[in-house]
Every structure is written in structure tokens, then in C-alpha cells.
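Q: Return atomic coordinates for the entry below.
(2 chains)
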Amino acid sequence: MKRAGFTTVWLPVALLLPQLMIIAIFFYWPAAWAVQSSFYLQDPFGFGSTFVGLENYTDLMTNVEYAKVARFTVIYTVLVTFFSLALALLLAVKADTVIRGAKSYRTLLMWVYAIAPPVAGFMGLMFFDQRNGPLTEMFQAFGWEFRLGADFNSTATAMVIVAVWKQIPVNFIFFLSGLQSIPKAVREAALIDNRSATGRFWDVTFPLLAPTAFFLLIINITYALFDTFGIVDTLVRSEPGNNPVTLVYKVFVDGFRGNDLGGSSAQSVILMILVLVLTVFQFRLIERRIHYT
Amino acid sequence: MAQVTLDRVRKTYPNGHEAVHPCSVEIPDGELVVLVGPSGCGKSTLLRMIAGLEDITDGALSIGREVVNDRDPADRNIAMVFQNYALYPHMSVAKNMGYGLKNRGASKAEIDTKVQEAARILNLGDYLDRRPSQLSGGQRQRVAMGRAIVRDPELFLFDEPLSNLDAKLRNQMRIEIRALQQRLGVTSVYVTHDQVEAMTMADRIIVLNGGRVEQIGTPTEIYEHPASTFVAGFMGAPPMNLMQAHIADGVLTLGEETHLPFAAPAVATDSVLVGFRPEDVRLGGDGSMMLHVEIIEELGAHRLLHGKLGGQPFSLSIGKDEVAGLGAQPITLPRDRIHFFHPERGTRI
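A: Below you'll find the predicted structure:
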């Protein structure tokens, strides 16, 4: 078979150039700049910088505040990932069995996806409003003095709820299409082999959803770690104070509020390494064990 | 082991489509019954109703002595072999076969024994640890069979189990399934659109058309005495020759002045459908019956001559040693092999 190819080198290069430039300008250049500036200590008034080697990193490692934020970020990520996956899976399994009006039902469940994170955060603000937020009133009815923006646990709860709510539609879409790609006959075979619906789900349906679930796990961890910035910013109303924040939000606060560009860059580099580890983990460890075909 | 009784079983879909018209069939214990018909005739729907995968709109279905209409598929003591095997892709061959037993609370030792036994019967011993994706089509088919037999069901259900295999493997599996079924003596319902499978495997055939039972009978009965033109045309390859004959003063005329040397049946209509199996007609004769051969199909073991008799399409099957050419050929229509059908209703006369 004859391979189709370019006769000159320049055409393919020219065609690739826009994509390469976007990656270079918006990713590699800032990343390189962050790595570089993480070795410097900036003058708070912007008059110059001094090379300090790894001092920014060693400072972070011994910083109690940083450890606290990191701990919260881990808990936050685990909670957001778990609940957004679990609830989306539950909804998808239920939606999958709906026959009448299935289409409109599914569309309704996906709608939230179209809401931008800051808008979702703003809606959260209204739901958790101190004076007349319905969810605040509900928590109060259960005897919990809910105070968004003033109390650490209240804000943390609101952040988790809004982030989960915002992420459910994405997971729902993937789970639903995953469910629908399971051959009908396989499910019917299970129907004959096992009378328990719960048993069938865990023995047959869930293992066949595992590739989808694993993909979503990685997506959701990344989402909770990085993409919830808008939600966090809106809910803490740009006033971290006593409120919980995530690592990404701390990068922003330290760099642009505290003017500690060096320390903030060092935090960014640590996050970049985290993403790298996550990616390698995804490709090397688990993905290999989950595919069947 | 059990007999299966369908008492006016009917299926109507919510959109009003009547997939299966009221259907009453009795399947004796240990028999293999084949449901055959063209696609959309309701044969799969009927099978799926027996399996419990499809609701029964009306009527009663009994397996053994009990009516099972409202029982879950898992509680009907059946096993089903699906068209595309429907194996669990994430389970090994052994797990695939043992899954049903495990859920009925069988002990690990019992499952092991039964799986080993099934693997021995089906020559799957070396593959028990493999995943279905590592097996060939024929092996997957065997695993699906194994999954059915380890359960010791009262009833086997087969939904076109061989249609995904190539022709050679299909012939082989056909014999294997039949032999296995006879050895185990389990009542079976087998769905196919392939009339060769139906003829070769069945103790009894149920021919379905448009959701209605056209005929129930042994393969020989169905072949020798088709109840309608539909059955006559569907069972047999090439199909039975069906010709419109005009009746005038007790004489049958095909057209173009070709008179048939038989007495017309006693009917109220002025025409009748006359049928002959292609292999029942003999080449040669006194010249009163001339077939105008247009095409000769060479099939190795025999030859098919296609042409026109009295202006109507007609096929004839001859042995490989008989000589025939194109053009007019004398033929003989044996009197004892003639079939008559009603010209409009298509029913046997």
C-alpha cells in the first residue's frame, strides 16, 4: 500500500505551527517562567529579585499553614470526587431504566453542566445565604448554626456541595453512555443467572463500567484540585480569612494578594509535579488492568 | 426436565403492534422444538417470553406443571444461549459458567465439579482460565453452551445460537448441540431463521409467520405436507414450485395450453395453486410436459435447472450423473407428489 505523505517539510510544519504555538505560549513558557521564579525571592514592591535557590521550597515544607491547606485539599478532593461519582452513578443507573420521557429526563439532568463555576458558586451563595438561604435554614432546622464565610466547617460543606452539584452532570453523561454501551444480551444473561438486582449491578454492570469509572476518577480528581477555583473564590468572597481554601487558590492568594511571587511559583511547580504523577499513575498502573477487549 | 405449555400466549406492544397472536403449543418433555420463520415473525419474542425477558400480555405459560408468567427469569429454572453468546467479558471461562450456580448458593466444590464436567464435554478444559476475548467464535459458543448446561435447567432456550459462526463451524456445532441435547434429554426451544437448522435439529417444528403459527409438526410432516403456501415456500431450498392453474371442466391448465395430467381437486374457485418439490420432478418423459430451461446451477452433488413451465417459473433438481442442456426438456410430474393450495388463502387443499 502506498503511504500518503507530504512532499515538502514546510507544509506539515506550517500546519502544526498554530497548535504548537498555543501550547508553547500558554503552557511551556509560563511553566518555565514559574520554575525559574520559584528559585528567586521577589521584592514586594517589584524593584528586583534575589536568587535564593531551594529556599522557597524548604519554606513551604516547614510552613504549618501550607500543610493545613494541603490537608484540606486532600479531604476536599476525596469528598468531591467520591460524592460526584457516586451520585452521578446512582442517577445514571436510574435514568437508564427510564423508558417513558427518557430524553427530557436526561436533558434535565445534564443542564447543570452548562453553568460556569463562578455562577455555580454564586448560586451557592444564595442557597447558603445567612439570612434567607434555603439550605442554611434547612441546616438550622437540624440544629446546625450554619455560617457561610465565617465558620470553617460551614464554608467547607458549602464548597463540597456546590462542587459536587456542578460536576454530577459530566459524570452522569459518561456513566449513562457507559451503561448503554453494555450489550443488552449480557445484561439479559445476568438476569437469568442472578435474581438479585444489586448482585447483578456489582457482579456484571459495575465491572463493565470500570473503564469509564476510572477515566472519570482521574477527571474528577483534576476537577476538584484545579477547576473548583471559581467556586472557592466566590464562596469565600475573595476573603480567605478563617475559611478553607484549596492549594490552587492559595497559589493565587500568595502570588497576587501577598505579592510573594517566588513562594507562589514554588507552589505551582509542586502542583505541576502532582499532575504529572497523576497522569503517569493513570497510564501506567490502573488503565492496563481494566480493559477487557 | 419438564414439558412446556403455552396457552393462548399473546404479545402486544404498547404501540398496539401485535407481535405474537394468541398461540397455543405443547412441548413434550425432552423434545427439541424449533421456532422458525422470517425475521419479524415473532419467533424471538415468543422465546423471550418463555425466558421471562419479555412480559406476556395475555395467556398462560407453564414450565413443568407451574404457571410461570410472573416469575423472574432467574426463578424459571431455564438456561439460555444467546445469538452473540452474551458472555461476561470480565470473567474467565470458568467464572462465566459458574456464575449462575454461585448465585443459587451452590458450594465452591460443587461449582468446580460441574464446570469441570461441562468443560470436559465441550472440550474447553484448556481454556477455563481465559477471558472470552481470547477465544474464537466457536469456543465462545461452547462456553455459552457450557454456561447453560452447568445449571442443570429444566429447559434450554436457544436464540439463533449459530448465526454468528461461519458455515463450516455452523454445521459442526449444529450436530454437537443436537447430540448434547439428546444425551442430556433436556426440553429445548430453539429459534432460527435457517430452515436447514430447523429441519435437521428439530423433533418438532413450529413455523411462524407474521406473529401467527402457520404449522406445527415433525420435520417430515412439515416438508411433505406443508399446511400453507408460506410453509411450502419457506421450508426447502430451493423452495417448492408453486404455479397458478386454471380449472375448466375438471382440467388443470397452467397457461400457454399446458394441461396438467391430473384431476382437479374439488374446489369452489376457478383456479388453484399447484405445488411440486424440485426434487420430486423427474427429467425425461413422453414430451407432453416441456420445461424451458434457462439457467443451470451446478452444485456438485446435484444440479438445479431453472426455467419456465407453461409460462411460470419452475425449478428442477437432478442428480450429478444426469445430463441436461438448456432449452426445452421433457419432464415428468409424479401424481403422488402433487400439492394443492387455495388460490387466495394459500391453505392446503
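Q: Quick check: residues of chain B near chain A?
A: Residues of chain B lying close to chain A by C-beta under 8 Å from any C-beta of the partner chain are B:51-53, B:72-75, B:78-80, B:82-90, B:99-100, B:103, B:131, B:133, B:147. Where you see a C-beta, it was placed from the backbone N, CA and C, and this is true even at glycine.
Q: mind checking which helix or strand of chain A has the lowest mean pLDDT?
A: Using mean pLDDT, DSSP states H and E, the weakest-scoring helix or strand in chain A turns out to be helix A:287-290, at a mean of 60.
Q: Quick check: pLDDT value at the residue most central in space within chain B.
A: Among the residues of chain B, the one closest to the centroid is residue B:198, at 2.9 Å (C-alpha atoms, centre = their mean). On pLDDT, residue B:198 comes in at 91.
Q: ok, now which ones touch the residue nearest to residue B:103 when sequence neighbours are not counted?
A: Among residues not flanking residue B:103 along the chain, residue A:194 sits closest, at 4.3 Å (C-beta to C-beta, 6 or more residues apart in numbering or on different chains). Contact analysis of residue A:194 by C-beta atoms under 8 Å, 6 or more residues apart in numbering or on different chains lists A:200, A:203-204, B:74, B:99-100, B:103.
Q: In the stretch 201-349 of chain B, what residue spans correspond to strands?
A: Ranges of strands within the stretch 201-349 of chain B are B:204-209, B:212-217, B:241-248, B:251-253, B:259-263, B:271-276, B:282-283, B:290-298, B:302-309, B:312-319, B:327-332, B:339-341, based on DSSP state E, counting those that start in this stretch.
Q: which other residues reach the second one?
A: With contacts defined as C-beta under 8 Å, 6+ apart, strand B:212-217 is touched by B:21, B:23, B:25, B:37, B:42, B:204-208, B:222, B:225-228, B:230-231.
Q: Please pick the buried ones from those.
A: The neighbour-count test (16 or more other C-beta atoms under 10 Å in any protein chain shown) marks B:21, B:23, B:25, B:37, B:42, B:204-208, B:222, B:226-228, B:230-231 as buried among the contacts of strand B:212-217.
Q: In three-state terms, label the closest residue to residue B:13 other than its chain neighbours for me.
A: Take residue B:13 and drop its neighbours on the chain: the residue closest to it by C-beta to C-beta, 6+ apart is residue B:19, 6.1 Å away. Following DSSP: H, G, I helix; E, B strand; the rest coil, we place residue B:19 in the strand state.
Q: and residue B:19, how many residues sit next to it?
A: 20 (other C-beta atoms under 10 Å in any protein chain shown).
Q: for residue A:182, same thing?
A: Neighbour number of residue A:182 under other C-beta under 10 Å is 16.
Q: Now the spatially closest residue to it that is not a sequence neighbour: phi and psi?
A: Distances taken as C-beta to C-beta, 6+ apart put residue A:208 closest to residue A:182, at 5.0 Å, once the chain neighbours are dropped. Per-residue torsions, residue A:208: phi -80, psi -20 (degrees, to the nearest 10).
Q: just residue A:231 next, same as before
A: Here is the backbone geometry of residue A:231 (degrees, to the nearest 10): phi -70, psi -50.
Q: And for the one 3 residues further on?
A: As for residue A:234, its main-chain torsions (degrees, to the nearest 10) stand at phi -70, psi -40.
Q: sorry, back to before: check contacts around the residue nearest to residue A:182.
A: A:178, A:182, A:186, B:89-90.
Q: Number of residues surrounding residue 223?
A: As the question left the chain open, I've gone with chain A. 21.
Q: Correction: the question concerned chain B.
A: With other C-beta under 10 Å as criterion, residue B:223 counts 18.
Q: Surely it and residue B:235 touch.
A: Yes - counting by C-beta atoms under 8 Å, residue B:223 touches residue B:235, with 5.9 Å between them.
Q: residue nearest the centroid of chain A?
A: Using C-alpha atoms, centre = their mean, the most central residue of chain A is residue A:223, at 0.9 Å.
Q: now that residue, what's its secondary structure?
A: Going by three-state DSSP: residue A:223 is helix.
Q: how about the strands in the stretch 151-293 of chain A?
A: According to DSSP E, counting those that start in this stretch, the stretch 151-293 of chain A contains no strands.
Q: Enumerate the residues of it near chain B.
A: A:183, A:185-186, A:188-196, A:199, A:203-204, A:207-208, A:210, A:292-293.
Q: Pull out the buried residues from the residues you listed.
A: A:185-186, A:188-194, A:199, A:203-204, A:207-208, A:210.
Q: Closest to residue B:333 out of these?
A: Nearest to residue B:333 among these is residue A:185, at 47.8 Å by C-beta to C-beta.
Q: Provide a list of residues in contact with that closest one.
A: Shown in contact with residue A:185 (C-beta under 8 Å, 6+ apart): B:82-86.
Q: gap between it and residue B:162?
A: Computed with C-beta to C-beta, to the nearest Å, the distance linking residue A:185 and residue B:162 is 15 Å.
Q: Which SSE is immediately downstream of the lengthiest helix in chain A?
A: Longest helix in chain A by number of residues, with DSSP state H as the criterion: helix A:64-97. Sequence-wise, the next helix or strand downstream of helix A:64-97 (DSSP states H and E) is helix A:102-110.
Q: what's the longest helix of chain A packed up against?
A: Helices and strands touching helix A:64-97, by 3 or more C-beta pairs under 8 Å, 6 or more residues apart in numbering or on different chains; DSSP states H and E, are helix A:102-110, helix A:152-180, helix A:206-222, helix A:247-252.
Q: Out of those helices, point me to the one whose mean pLDDT is lowest.
A: Ranked by mean pLDDT, the helices and strands packed on helix A:64-97 bottom out at helix A:102-110, which scores a mean of 78.
Q: and the helix or strand that it is followed by, how far out from the chain's middle?
A: Next along the chain after helix A:102-110, taking DSSP H and E as the criterion, comes helix A:117-127. Averaging C-alpha positions (C-alpha atoms, centre = their mean, to the nearest Å) puts helix A:117-127 17 Å from its chain's average.
Q: So which of the contacts of residue A:208 is the closest to residue A:157?
A: Nearest to residue A:157 among those: residue A:178, at 29.9 Å, using C-beta to C-beta.
Q: sorry, back to before: I'd say the residue nearest to residue B:13 and residue B:211 touch.
A: Yes - contact criterion C-beta under 8 Å: residue B:19 and residue B:211 qualify, at 5.5 Å.
Q: what is in contact with the two at once?
A: Residues touching both residue B:19 and residue B:211 (C-beta under 8 Å, 6+ apart) are B:11, B:42.
Q: Need the helices and strands packed on helix A:64-97 in a markdown table (columns: distance to residue B:292).
A: Listed next are the helices and strands packed on helix A:64-97 as a markdown table, based on distance: least, C-beta to C-beta, whole Å:
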| stretch | distance to residue B:292 |
| --- | --- |
| helix A:102-110 | 59 |
| helix A:152-180 | 56 |
| helix A:206-222 | 60 |
| helix A:247-252 | 87 |
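Q: Can you list phi and psi of the closest residue to residue B:3 other than its chain neighbours for me?
A: Excluding its sequence neighbours, the residue lying closest to residue B:3 (C-beta to C-beta, 6+ apart) is residue B:29, at 4.6 Å. Residue B:29 adopts backbone torsions of phi -50, psi 130, taken as degrees, to the nearest 10.
Q: Give me the pLDDT value at residue B:29.
A: 92.
Q: you'd agree it is up against residue B:187?
A: Yes - taking contacts as C-beta under 8 Å, residue B:29 lies within contact range of residue B:187: 5.7 Å.
Q: higher neighbour count, these two?
A: Neighbours per residue, other C-beta under 10 Å: of residue B:29 and residue B:187, the larger number sits with residue B:187, 25 against 13.
Q: contacting residues for residue 199?
A: Unless you meant another one, I'm taking chain A. residue B:103.
Q: Can you look at chain B instead?
A: Going by C-beta under 8 Å, 6+ apart, residue B:199 touches B:205, B:219, B:222-223, B:235.
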